[in-house]
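I'd like to go over a predicted model; first the sequence, then the structure.
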Amino acid sequence: MQLSERHQEYWRKNLRLTAVLLAIWFVVTFIVIYFARELNEIVIFGFPFAFYMGAQGSLIIYVLIIWFYAHRMNQLDKEFGVHEGDEE
Amino acid sequence: MSTQSQFFSQLKKYYTFYTGGFIAFVIVLAILEQMGLPPNWIGYVFLAATIMLYAGIGIMSKTADVSEYYVAGRRVPALFNGMATGADWMSAASFIGMAGTLYLSGFDGLAFIMGWTGGYVLVALFLAPYLRKFGQFTIPDFLGSRYGGNLPRTIGVVAAIICSFTYVVAQIYGVGIITARLTGLEFQIGVFVGLAGILVCSFLGGMRAVTWTQVAQYIILIIAYMIPVVWLSVSHTGNPIPQIAYGQVLKEVTAQEKEMNDPTTTRGAAEASVRAIFKERQLAAEDKIKALEAAIAAGSADTIVGEARAALDAELVTLKAAAEPDTQKIEAKEKEIAELTGPDVLMAKLKKAADGAKKSAGPVAAHATPFSGKGAEKKLLTTNPNATAAEIAAAKAEDEEASNVKRRNFIALVLCLMVGTASLPHILMRYYTTPSVREARKSVFWSLFFIFLLYFTAPALAVLVKNVVYADLVGSSFAALPAWVANWAAVDPTLMKIADLNKDGLVQLAEITIGGDLIVLATPEIAGLPYVISGMVAAGGLAAALSTADGLLLTIANALSHDVYYKMIDPKASTVRRLAISKGLLLVVALLAAYTASLKPGDILFLVGAAFSLAASAFFPALVLGVFWKRANYLGAVVGMLAGLAVCMYYMYTTYDFFGGVAANEWFAIKPIAAGVFGMPAGFLGVIIGSLISRAPSTEIQQLVDHVRYPNLESDIKAQTT
């Protein structure tokens, strides 16, 4: 079938959301590792910062990224009328 | 209420009841232990009870329906699919090995923690919802439909089998080790007992049985992991939340590291005296290496080998003449003599001795410090206090270079593990089993949440145990070692070795050698818990290994039966025949894997790591571009997957010593385990170039891409009703 303008907007929004979340993922993973030696000088909750991120902080952010993506996309599905039937 | 939500509340009831039952079972065993049940009986009861339980779930879920067999009927709710994925994902290496790796390598070990969790972000954003919408049975299915033709599917099958098989061998190996430890059976027997546990479940009910068993296994493994750590945290810090408590403990550990590295303190001086002994050993071994090298060049190496053998023979005689001969030691020595066949063996032995001594002669590595350098500057300043500025600068540059190489490898490894996570077929397959795209998205969240529970505990456990070793064990008297130390040193010297080298009667850190697996296995004893908890931890490790093995075996058998047999050889095969073939193959693959594991192949950990790099190089580019780039086509997929695999394998082949490679061939000093960092770009380039030089895919395929991108399109309604 031919995709409507609405359909294309849905996909664009999806791509934008994906890009933003991926950028956050990139920063809390690779930027943090790259500057780990410097970041470790900062202390957070009693931990050196880079160690804290690698052992806990980044993991928590990963969980939140996925939660937010699921939440937002399920909302978008409804907004654009591309959600699935019956199930709540 | 819909049938699906009824099903969900029923499941919740079952598994709550089950969790209560498991806890009651442990309590009963604990009471029996107090009444005098011997430890190996506790081991037997745990082994038998858990395997019977998994078998029971397997039998209850037996099925002859194709959709039930391959994708559990596509009605696994997000929460339960998350638990099943967690168990599927966390292997024996995560459960037993992870905390040990962190204990031994500190910050640098965090690559595994980040890599094996962050990969789920990629699963969530790029794959899970789209694969669910596609809604077939296997990962090669997607490649086959998206790119057309049998070749992409075939490459997918081959890659899936290579990755999954190496991985399943490692799991079955783990099952053998744990069964042997739990019951005292021999390793080879343990492998086959464990195999029975795997087969009863996957053989009868396929994905449906595996799913519900994995949920049960997740519950056991997470309880088994958490209880000892929480207890250790309470008894040593007074805080029941180890993940919070260990910030303070880490500070204490860091302070003690400094003290032990400072020879002006009492502890530091004692450590230095032990290190001096290792330094001597290192130099002695290096002298011997030089002598042997010279002798090999002169053609007279046999004399040196003969001398070494004579020395071993003499040691054997002393062992045999002891008042109470130790049969274990005598056997080990006899084996050592038999294996000493020529100068190569002797050279390898000497090099190992020199490396080991060199490591123990070095300072204590700081746990929280990332990418520590070689210590060249420090060494220069101690050996030559009058070093010139130029010499100091050169040493500094050397340190920085070493540190940068470590950082580069950390980044490469994290990337490979993450992308590999998002490419391993046995994980991706799980997202075919949810009822909808919506549930698939939520399910990735639950998956990572359940995995996260264990992964953010492991670094805490490593630090807590390290503190026990530094504060309680180091400095204690050899006459009164803590019970757990003496026990483990007697049971398994590869996990715990301790000897008073400098004869001061006190324990120094450099006198202790700890194997990584000790950390999780010994935690119950360190925390002062009864043996029943040790049994529970072993049962948890077993659950982790069995659940992963189940998922992997099913992936391999399905790739062969569904993709090769049904899709390529006989598309008209009846349901009964397809399932019979699948089950037959499952049995064959399982036996083959068990046989391989029983040979105890070396380098298992490397093979597991390699599976991630291979999966990342072969699958990720073709899968992701298949959804996000409509222009990607048949030729692109074929070229991309082959290029990714080829580059990755070539790199491993030329750099890893197991295949006869040498480190000198490394590019940018990247270790072979992270070969995927070169394979992935090759894969992406291959897909892009291959696609651009050939025709755009057909309209039907472009429509398939649209179909996959939208959870519900009007044109889908027709497809749904059929």
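Looks like it arrived, so ask away. Numbers count the residues shown, from 1 in each chain, chains lettered A, B, ... in the order given.

Please count neighbours and contacts with C-alpha atoms only from this point.
Fine.

I'd like the distance between the residue in the stretch 101-250 of chain B that chain A sits nearest to and A:F51.
For the stretch 101-250 of chain B and chain A, the shortest gap (Cα to the nearest Cα) falls at B:G247, measuring 5.0 Å. Noted for B:G247: a distance of 10 Å to A:F51, by Cα to Cα, to the nearest Å.

thinking again about what came up before, tell me the pLDDT at the residue of the stretch 101-250 of chain B closest to chain A?
We have a pLDDT of 86 for B:G247.

That one reaches A:G46, doesn't it?
Yes: counting by Cα atoms under 8 Å, A:G46 is a contact partner of B:G247 at 5.0 Å.

Which positions in stretch B:165-184 come out as buried?
Neighbour counts using 16 or more other Cα atoms under 10 Å in any protein chain shown place B:165-183 of stretch B:165-184 among the buried residues.

so how far is it off the chain centroid?
12 Å (Cα atoms, centre = their mean, to the nearest Å).

Check what contacts that stretch and list those residues.
By Cα atoms under 8 Å, 6 or more residues apart in numbering or on different chains, the surrounding residues in contact with stretch B:165-184 are B:40-41, B:43-44, B:47, B:91-92, B:185-195, B:535, B:538, B:541-542, B:545-546, B:548-549, B:552-553, B:556, B:593-594, B:596-598, B:600, B:604-605, B:607-608, B:611.

which parts of the stretch 101-250 of chain B sit against chain A?
With Cα under 8 Å from any Cα of the partner chain as the criterion, the stretch 101-250 of chain B meets chain A at residues B:107, B:110-111, B:113-114, B:117-118, B:120-121, B:124-125, B:247-248, B:250.

Apply 10 Å and report the result again.
Counting by Cα under 10 Å from any Cα of the partner chain, the residues of the stretch 101-250 of chain B close to chain A are B:102, B:106-126, B:129, B:243-250.

Which one's more surrounded, B:G247 and A:G46?
Legend: neighbour count by other Cα atoms under 10 Å in any protein chain shown for B:G247 and A:G46, higher for B:G247 (20 against 16).

Now do the shared contacts for B:G247 and A:F51.
Residues touching both B:G247 and A:F51 (Cα atoms under 10 Å, 6 or more residues apart in numbering or on different chains) are A:I44.

which parts of the stretch 451-600 of chain B sit against chain A?
So the stretch 451-600 of chain B meets chain A at B:451-453, B:455-460 (Cα under 10 Å from any Cα).

In contact with residue 21, which residues?
In the absence of a named chain, this looks at chain A. Applying Cα under 10 Å, 6+ apart to A:L21 gives the contacts A:15, A:27, A:62, A:64-66, A:68-69, B:121, B:125.

Chain B is the one I meant
By Cα under 10 Å, 6+ apart, the contact list for B:G21 reads B:15, B:27.

Would you mind measuring from it to chain A?
In this structure, B:G21 and chain A are 30 Å apart, going by Cα to the nearest Cα, to the nearest Å.

Can you tell me the strand partners of the worst-scoring helix or strand of chain A on mean pLDDT and which way each runs?
Among the helices and strands of chain A, strand A:43-44 carries the lowest confidence by mean pLDDT, DSSP states H and E, at a mean of 86. Partner strands and pairing direction for strand A:43-44 (DSSP bridges) are strand A:47-48 (antiparallel).

ok, and what's touching the strand it pairs with?
Residues from elsewhere that reach strand A:47-48 (Cα under 10 Å, 6+ apart): A:36-37, A:39-42, A:53, B:244, B:246-251, B:368-369.

7 Å - rerun?
Applying Cα atoms under 7 Å, 6 or more residues apart in numbering or on different chains, the contact partners of strand A:47-48 are A:40-42, B:247.

among those residues, which are in helices?
B:G247 (DSSP state H).

returning to that earlier point: filter the contacts of stretch B:165-184 down to just the buried residues.
Buried, going by 16+ other Cα under 10 Å: B:43-44, B:47, B:91-92, B:185, B:187-188, B:190-195, B:535, B:538, B:541-542, B:545-546, B:548-549, B:552-553, B:556, B:593-594, B:596-598, B:604, B:607-608, B:611, out of those.

Off-centre distance for the helix or strand in which B:E68 is found?
Element membership for B:E68, per DSSP states H and E: helix B:66-71. Put simply, helix B:66-71 sits 28 Å off its chain's centre (Cα atoms, centre = their mean).

can you check stretch B:78-86 too?
Distance of stretch B:78-86 from the chain centroid (Cα atoms, centre = their mean) equals 20 Å.

now do stretch B:553-569
Averaged C-alpha coordinates place stretch B:553-569 at 26 Å from its chain's average position (Cα atoms, centre = their mean).

End to end on that stretch, go ahead and measure it.
Using Cα to Cα, the end-to-end distance of stretch B:553-569 comes to 21 Å.

per-residue confidence averaged over that stretch?
For stretch B:553-569, mean pLDDT rounds to 86.

and what of stretch B:461-469?
On average, stretch B:461-469 scores 92.

rewinding a little: what's the residue of the stretch 101-250 of chain B closest to chain A in contact with, if anything?
A:45-47.

Select the longest helix from chain B.
helix B:187-237.

that older thread, filter the buried residues of stretch B:165-184 down to the ones in helices?
In helices, judged by DSSP H, the following of the buried residues of stretch B:165-184 are found: B:165-183.

one step back: Throw the contacts of B:G247 into CSV and include pLDDT and distance to B:G373, thanks.
Supplementary listing: the contacts of B:G247 in CSV, determined by pLDDT from 0 to 100; distance: Cα to Cα, whole Å:
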residue, pLDDT, distance to B:G373
A:F45, 83, 27
A:G46, 84, 24
A:F47, 89, 21
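
Tell me how many other residues crowd B:R146.
Other residues near B:R146 number 27, with proximity taken as other Cα under 10 Å.

what does the one 5 residues further on give?
Around B:L151 there are 16 other residues, counting by other Cα under 10 Å.

Ok, A:I31 next?
A:I31: 12 surrounding residues under other Cα under 10 Å.

measure it to A:S58 for me?
Distance check for A:I31 against A:S58: by Cα to Cα, it reads 11 Å.

Can you give me the pLDDT of B:L415?
In this model, B:L415 is scored at 95, pLDDT.

And B:I717, by the same measure?
For B:I717, pLDDT reads 50.

same question, B:M1
Looking at B:M1, its pLDDT is 50.

rewinding a little: just checking, which of the buried ones among the contacts of stretch B:165-184 belong to strands?
Judged by DSSP state E, strands contain none of those.

and the residues you listed, which of them are in helices?
Judged by DSSP H, the subset of the buried ones among the contacts of stretch B:165-184 located in helices is B:43-44, B:47, B:92, B:187-188, B:190-195, B:535, B:538, B:541-542, B:545-546, B:548-549, B:552-553, B:556, B:593-594, B:596-598, B:604, B:607-608, B:611.

which residue packs closest to the residue in the stretch 451-600 of chain B that chain A sits nearest to, ignoring adjacent ones?
At 5.7 Å from chain A, B:F456 is the closest residue in the stretch 451-600 of chain B, using Cα to the nearest Cα. Take B:F456 and drop its neighbours on the chain: the residue closest to it by Cα to Cα, 6 or more residues apart in numbering or on different chains is A:Q56, 5.7 Å away.

just checking, that neighbour touches B:T457?
No: between A:Q56 and B:T457 there is no contact, the gap being 8.9 Å when judged by Cα atoms under 7 Å.

Ramachandran coordinates for B:I498?
Here is the backbone geometry of B:I498 (degrees, to the nearest 10): phi -150, psi 130.

Against B:L283, how distant is it?
Separation of B:I498 from B:L283 (Cα to Cα): 22 Å.

Then B:P524?
The gap separating B:P524 from B:L283 is 40 Å, by Cα to Cα.

now the helices for chain A?
With DSSP H, the ranges of helices along chain A come out as A:5-26, A:32-34, A:36-39, A:49-52, A:58-79.
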